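In: Quick one, structure for this:
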Amino acid sequence: MIVDKINLESGVLEFTDPYIRLGVGAKIINSSVVDNLTIDAFSCVNRCVVGRYFGLGCYSYVNNSQIGRYCTFGARVSIGAFSHPTNWLSIHEFQYRNTKNIYGDSILEGNVNIAPKNPLTCIGCDVWIGDNACVKAGVSLGHGAVVGLGAVVVKDVPPYAIVAGNPARILRYRFSKDVINELLEIRWWKLDMMHLKGIVFSDVNRAIVGIDQIRQQFSSNQEVE
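Out: Below you'll find the model as predicted:
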């Protein structure tokens with residue numbers, strides 16, 4: 001479902017079908033939403049495809065991104081933001097769009113925007129992005145990846161890697177290679193939240209066994225949304 005919503009009220013707004021929770025000043029612009037989405041105060045999701053159970057902290061901006069299920073991003077993060085062209089005469093926006101309502105002058109007329117297009121940013125399922133992190137447009141973050149506080153991600157991140165720093169580098173992986181392979185195989189994030197009731201989340205090996213048993217109860221796989 002394509003959604004355009006903004007909260008101009010003084011408190012939190014909740015919508016149903018799909019369930020969307022918007023903090024004060026939060027907005028969703030021209031984005032495909034499945035269900036179960038919460039956007040904290042003064043954050044914006046713009047032209048994205050968003051999977052179920054997505055949470056975004058306050059004062060954050062996510063643009064032109066495909067986001068998997070069970071992802072949580074912190075406060076003041078920037079993901080997929082527009083990059084000004086560096087090979088044009090200027091880095092300024094007056095070259096490619098009407099700036100009359102911004103600066104009072106414009107060399108272009110009408111509703112025109114000839115800016116170069118940014119590539120899609122692709123974020124897998126079960127991805128955590130910490131406060132004040134930035135992810136460059138066009139980067140891919142694998143399933144289960146973690147981006148540390150204040151990290152600047154300028155290249156792809158493998159599944160279940162923990163990255164930090166500027167530029168971000170891999171510090172370690174969340175689990176052993178064998179466990180990571182098992183998690184990528186069972187794809188637990190394709191299950192809805194209520195299907196996961198009773199799983200021992202604090203023990204990843206027991207959780208894998210329990211999820212595998214649950215998945216066997218389903219006759220067909222659910223596609224990631």
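
In: wait, Leu149 sits on Asn132?
Out: Yes. The pair Leu149 / Asn132 is scored as a contact, 6.1 Å apart, by Cβ atoms under 8 Å. Using the backbone N, CA and C atoms, a C-beta is placed for each residue, glycine as well.

In: Could you spell out the sheet neighbours of the helix or strand of the chain with the lowest mean pLDDT, each with its direction?
Out: Every helix and strand of the chain was ranked by mean pLDDT, DSSP states H and E. The lowest is strand 2-6, at a mean of 89. The strands that strand 2-6 pairs with in its sheet are strand 27-33 (antiparallel) (by DSSP bridges).

In: just checking, what packs against the longest helix seen in the chain?
Out: Counting residues, the longest helix found in the chain (DSSP state H) is helix 204-215. Counting contacts by 3 or more Cβ pairs under 8 Å, 6 or more residues apart in numbering; DSSP states H and E, helix 204-215 packs against helix 177-186.

In: for the helix it packs on, which positions count as buried?
Out: 180, 182-183, 186 (16 or more other Cβ atoms under 10 Å).

In: Next, name the residue at the spatial heart of the chain.
Out: Ile67 (4.5 Å; Cα atoms, centre = their mean).

In: returning to what we had before: tell me which of the buried residues of helix 177-186 is nearest to Gly25?
Out: Leu183 (36.5 Å; Cβ to Cβ).

In: Just the pLDDT for Met1.
Out: In this model, Met1 is scored at 82, pLDDT.

In: ok, it to Phe15 distance?
Out: 11 Å (Cβ to Cβ, to the nearest Å).

In: who's more crowded, these two?
Out: Between Met1 and Phe15, counting by other Cβ atoms under 10 Å, Phe15 is the more crowded of the two (15 against 10).

In: Skipping its backbone neighbours, what lies nearest that one in space?
Out: Spatially, and ignoring its direct neighbours in sequence, Phe15 is nearest to Lys5 (6.8 Å; Cβ to Cβ, 6 or more residues apart in numbering).
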